[in-house]
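Engineer: generate coordinates for the sequence data below:
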Amino acid sequence: MRIEKESQRDSWKKLEQGLPGNKLEQGLPGNKLEQGLPGNKLEQGLPGNKLEQGLPGNKLEQGLPGNKLEQGLPGNKLEQGLPGNKLEQGLPGNKLEQGLPGNKLEQGLPGNKLEQGLPGNKLEQGLPGNKLEQGLPGNKLEQGLPGNKLEQGLPGNKLEQGLPGNKLEQGLPGNKLERGLPGNKLEQGLPGNKLEQGLPGNKLEQGLPGNKLEQGLPGNKLEQGLPGNKLEQGLPGNKLEQGLPGNKLEQGLPGNKLEQGLPGNKLERGLPGNKLEQGLPGNKLEQGLPGNKLEQGLPGNKLEQGLPGNKLEQGLPGNKLEQGLPGNKLEQGLPGNKLEQGLPGNKLEQGLPGNKLEQGLPGNKLEQGLPGNKLRLMVLKEARILGQDINVYNNSILSAYGMALADVVQEAQNPCALVYAPNNFAELDRQLEVLAGICKSKLKEQGFKDSQIVLEPYLHLRYSGTDCALMVSPSTGDSPHTTRHGDFYTSFINRYKKEFGFTLSERDVLVDDVRVRGIGRSQVLEENAPPSGKGTPPVEKSVKVYFEGGYQETSVYLLEKLQPGQEVLGPAIIMDSLSTILVEPDCRAIITKYGDIRITIGEGKRKVVSRDCDSVQLSIFSHRFMSIAEQMGRVLQRTSISVNIKERLDFSCALFGPDGGLVSNAPHIPVHLGAMQETVQYQMKVRGDSMKPGDVFLANHPKAGGSHLPDLTVITPVFHNSKRPIFFVASRGHHADIGGLTPGSMPPHSTSLAHEGAAFKSMLLVDGGKFNEEELVRELMKPGEVPGCSGSRNLTDNLSDLKAQVAANQRGIQLVGELIDEYTLPVVQAYMAHIQKNAELAVRDMLKEIARKSLKNTGTKILKATEHMDNGSPIVLTVTLDEEEGSAICDFTGTGIEVWGNLNAPRAITLSAIIYCLRCMVGHDVPLNQGCLNPVKVIIPANSILDPSEEAAVVGGNVLTSQRVVDVVLKAFQVCAASQGCMNNLTIGESDWGYYETVAGGSGAGPSWHGTGGVHTHMTNTRITDVEIVETRYPILVTAFSLRPNSGGLGVFCGGDGVVRELVFRRTVQLSALTERRVFQPYGINGGSSGAVGLNLLQRAGGRLINLGGKASIEAYPGDKYIMHSPGGGGFGNGLKRTNEETVQSQQMFQERGSVFEYRNAQEST
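Structural biologist: Below you'll find the predicted structure:
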């Protein structure tokens, strides 16, 4: 599908009612589906079946008993007030035949006919000039007077009734439909309309004078057919009154409530307690207020709502409740899909975005007091985990009570642009006082007194030369930075230090905005407290209740008999007319002076976690560590400014043990993650004991564990009352430009590392809390000293993104510190080792099984594979399996020597590829960490393409050779067919900017799956930049981005298709393409055919078409078009035909879930 520009989306919504395929497409005012008897169907999902309501004049008039609109079943009739008119669909001979002579209803083209009983009658709607001729041959809408015409469908159609001011008289005088001529207009939505829906007094008189159709205000009625009747569809007395609470749709028989398949169903919407029972008895849809439930008895049902407290009670697995606010998920119903109390990553986000019950992340709060949170008996368990007390305020009427207690807030804000300095304090104070006066005045207008108004001043501050501004309130105390409203400077410095881990003490602090918040305090709490009580509260009875330790005798109390000051010890149950409150053992409930309940959580028997490996605790720590890395990534994405990191998500974050080994990571970029531990261990080797708290290191050199130079790694050692680091956190991000031969720092023809930009082996980026910006700028501009090269072309983005990486590391340090405070350092470090050991055991078990199968099937435990780069360099792998130990030797002897180019891959790249492949093959939910590689010995010949010399160019090794190493590993183990084998790198830029993107392709098929088209595969996991961002920020137009049909290999399971991407340039730019698989096809396996090779083309503005080859750097001019055809994936199995061609490439083979899915959703909601 070619995308030229995003078309306007269809504004009509779909409601699927009861049976598959039934759709009600509504979305314009006045659209109705009035279904009066059980079994009636409106199936608007088959070609040609349409109920188009909402345009003036379109009606479904069910005004006489027995009228049915049954489409899709034989014998259905549409009887529109006159006997004999039939629309019979579904049986031969009674067809709505679109395109065959005789009975035609062709809507949208002139000349269409609907012959309703007499020849010559035509209904031609959709283009100007269509006529509705009914009743007799040649008559033109003869409903009382000859010569009347009704031409509808497009602007300009007229209701010409002889002369201006004539009336359409439908049987009796006095009826008016004034349309089409000046002064007789039906303009819906503009003033002066004669039929104005939504204001009283408008009339549509159909049949007798005095009938009114007034929709939108109470009292409006649709009286059709007889005077006084209210939508009489079979019996008098039925009413259709929509728009206010209490309105009912009673169709078919008196007292029936919208019977859609079974009698007794009700649609009462607008007030709590309303129910919609669709298709099956017992289904309820209660919308409008908190506490609503959707019980739909079938899997896959979703209720996406926007009010807090909504519940999804579903009986089968797979159901989800997405409550209309970003990130809110309650996944219930499947075994294992639990609200796991103690497992990290599980979220119960109710009420407002950001309110999380993350029981593995300390510091997150169970926000109580938000309307509609129905935590009920579970709340004590969660509060115990979080270590918080509970306040119960008028339980079960919290919405109304909360509204009464809510503060009224007024805010005022002005831009400022002053330096925060003593000579500007007077002006800052003046501006704050002006804004305070505005807020105070607005609150007084709402009836608040001075004693009820609280004013809070804020300043939006940032360091000069930076983009990250923080809104801060003043701290108390006297200092040189104190204004009359307080010390904003100290608050800013403290918060910046906490957020980023360093300060820029030599920089001025700028004031971007001045803001004041005025709060009008509610007086609801000024009520007479009930009388205090002393002594033991009265017990109504005692019952046995099952708690974690078994059954316990539990006292039952009535809330109305408890007096302020009395204390109820758990276990106990407190009951009132609206709710039941459980007080667990070791907790106590105190009645406050206002009659509310405060439940204090006891210490309980705190479970001591030992350093020995426990399977439950292993799962908890695995998820806790991964969650820490994920939160680091969110901070990095939020605080960065470059397209590469913020939009494409080309970064990775991870946590490392005291030995520098990878412990856990977020689901980021595989080629980064396996190599980052080499970087951390290099810093440990070089820096030794010189590391100190507040130090942060920067590295990207291949010999220091780097992948390629644009990937800058920031490493922070963490100290915890110790002289040596107890663990490390690190983040690696791809910077769009760090200097070198070409914009984007990805030169296709570089032959030396010096051509590829700035290189860092171990730079002290932050020294004891001070950011070394001067030295950093000097190093980033240093590549300009190399002939033909430039320093960084986007220095501002480099500085900002590196600060964001430091901030991400700081977040990881905070979270691990909280984990240590909770479990102690020895326990945390013990489980770091346990997690690695668990991954190692999983890989050993897998290798033992592979060795057994290989020996049985082939007679050998030696696996071999060879692949060739497009330049002919071989990558050779021999895997020797040891069945007893579950180990393997991966020997790359025979691989081609270092090349004169940039396809050389640092050793860390090969290790990343191996650890990634092993993790993919394991089949267990274990984190990707150093343990996966422990059972494997890797042999790489020195000075080869996989272990080049120190000054060799490597920019292509990270993005191209890494993919081909994965291909050869998977080929040796016969896991699946080859994927596209390339990241399809494209860089564009000029002297002062650079843009970089990687383009998707096809993935390889496997023994039980088709490949996927248009995806990133294996060692990359980035996103493409949104079209709007590309076209807004750069002189580039995206004219096409689509799948490349039939580029995937054939087989029993077919490979995924590549993509076609076309870019047109609006200015002269330097274009560089760095790609692979332009010569050798991605292999198929087990008889499957290979995928198509890629192709890079440049079409000059004059029409000349040039094949750029796999690697090229060329100047493109305005109007030139770059066209990329990315490779497809290989096929699997000997069945060389494209079965189910239309769906193979696009069908979703699995339900999206897990960390990657959650991370992408979180990114899209920011």
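Engineer: give the buried residues for the host helix or strand of T600.
Structural biologist: Using DSSP states H and E, T600 falls within strand 597-601. By neighbour count, with 16 or more other Cβ atoms under 10 Å as the criterion, the buried positions of strand 597-601 are I597, I599, I601. C-beta here means a position set from N, CA and C on the backbone, and glycine is covered the same way.
Engineer: which one of these sits closest to A572?
Structural biologist: Using Cβ to Cβ, I599 comes nearest to A572 of the buried residues of strand 597-601, at 10.1 Å.
Engineer: can you read off the pLDDT for the closest one?
Structural biologist: For I599, the model assigns a pLDDT of 86.
Engineer: likewise M921?
Structural biologist: M921 is assigned 90 on the pLDDT scale.
Engineer: residues touching it, list them.
Structural biologist: Applying Cβ atoms under 8 Å, 6 or more residues apart in numbering to M921 gives the contacts M846, F973, V975.
Engineer: return the subset of the residues you listed lying in helices.
Structural biologist: Among these, the members falling in helices (DSSP state H) are M846.
Engineer: next, format the contacts of M921 as TSV and append pLDDT.
Structural biologist: TSV is the format used below for these (pLDDT from 0 to 100):
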residue	pLDDT
M846	93
F973	94
V975	92
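Engineer: turn the buried residues of strand 597-601 into JSON lines, columns for distance to Y831.
Structural biologist: Shown next, in JSON lines, are those (distance: Cβ to Cβ, whole Å):
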{"residue": "I597", "distance to Y831": "39"}
{"residue": "I599", "distance to Y831": "32"}
{"residue": "I601", "distance to Y831": "26"}
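Engineer: just the helices in the stretch 1051-1166 of the chain please.
Structural biologist: Taking DSSP state H, counting those that start in this stretch to define them, one finds helices in the stretch 1051-1166 of the chain at 1141-1144, 1154-1165.
Engineer: quickly, which of these bottoms out on average pLDDT?
Structural biologist: Across those, the lowest-scoring stretch is helix 1141-1144, with a mean of 38.
Engineer: wait, P743 touches Y1034, no?
Structural biologist: No. If you go by Cβ atoms under 8 Å, P743 and Y1034 don't touch, sitting 11.1 Å apart.
Engineer: in the protein, which helix or strand is least confident?
Structural biologist: strand 13-16 (a mean of 30; mean pLDDT, DSSP states H and E).
Engineer: coming back round to it: helices or strands up against the strand holding T600?
Structural biologist: When contacts are defined as 3 or more Cβ pairs under 8 Å, 6 or more residues apart in numbering; DSSP states H and E, strand 597-601 sits against helix 379-386, strand 390-392, strand 580-583, strand 587-591.
Engineer: end to end, how far does stretch 1051-1068 reach?
Structural biologist: Length of stretch 1051-1068, first residue to last, Cα to Cα, to the nearest Å: 44 Å.
Engineer: oops, could you answer that again for stretch 538-556 instead?
Structural biologist: Criterion Cα to Cα; first-to-last residue distance in stretch 538-556 is 9 Å.
Engineer: could you do stretch 1071-1086 as well?
Structural biologist: Stretch 1071-1086 has an end-to-end distance of 39 Å (Cα to Cα).
Engineer: before we move on, what about stretch 967-984?
Structural biologist: With Cα to Cα as the measure, stretch 967-984 spans 16 Å from end to end.
Engineer: can you pull the buried residues of that stretch?
Structural biologist: 967-984.
Engineer: sitting in helices, which of these do you find?
Structural biologist: By the criterion of DSSP H, membership of those in helices covers D967, V968, V969, L970, K971, A972.
Engineer: show me what contacts the fourth one?
Structural biologist: By that I understand L970. Contacts of L970 by Cβ under 8 Å, 6+ apart are C917, C976, A978, G1004.
Engineer: also M691?
Structural biologist: Counting by Cβ under 8 Å, 6+ apart, the residues that M691 touches are Q683, P717, R724, P725.
Engineer: ditto for Q974
Structural biologist: L863, I1085, N1086.
Engineer: at 10 Å what do you get?
Structural biologist: If you count contacts by Cβ atoms under 10 Å, 6 or more residues apart in numbering, Q974 has them with I850, K853, S854, N857, T858, L863, A865, P1007, I1085, N1086.
Engineer: got it, and V511?
Structural biologist: Applying Cβ under 10 Å, 6+ apart, the residues near V511 are 415-421, 424, 427-428, 431, 459-462, 469, 488, 492.
Engineer: are any of those residues buried, and if so which?
Structural biologist: Here, 16+ other Cβ under 10 Å leaves C416, L418, Y420, L428, Q431, L459, H460, L461, R462, A469, F488, F492 buried among the contacts of V511.
Engineer: of these, which belong to helices?
Structural biologist: L428, Q431, F488, F492.
Engineer: for the residues you listed, work out which two are farthest apart.
Structural biologist: Q431 and F492 (17.3 Å).
Engineer: quick one on the thing from earlier: and the contacts of Q974, which is closest to H708?
Structural biologist: Nearest to H708, judged by Cβ to Cβ, of these is A865 at 24.9 Å.
Engineer: partners of the closest one in the sheet?
Structural biologist: L877 (DSSP bridges).
Engineer: check whether it really touches F973, as I assumed.
Structural biologist: Yes. A865 lies in contact with F973 (Cβ atoms under 10 Å); the separation is 8.4 Å.
Engineer: excluding sequence neighbours, find me the nearest residue to P480.
Structural biologist: Leaving aside its chain neighbours, P480 sits nearest to P422 (6.9 Å; criterion: Cβ to Cβ, 6 or more residues apart in numbering).
Engineer: got a list of what the one you found touches?
Structural biologist: P480, H481, T482, T483.
Engineer: thinking again about what came up before, redo the ones in helices among the buried residues of stretch 967-984 as TSV? Include distance to T961.
Structural biologist: Listed next are these as TSV, based on distance: Cβ to Cβ, whole Å:
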residue	distance to T961
D967	10
V968	10
V969	13
L970	15
K971	15
A972	17
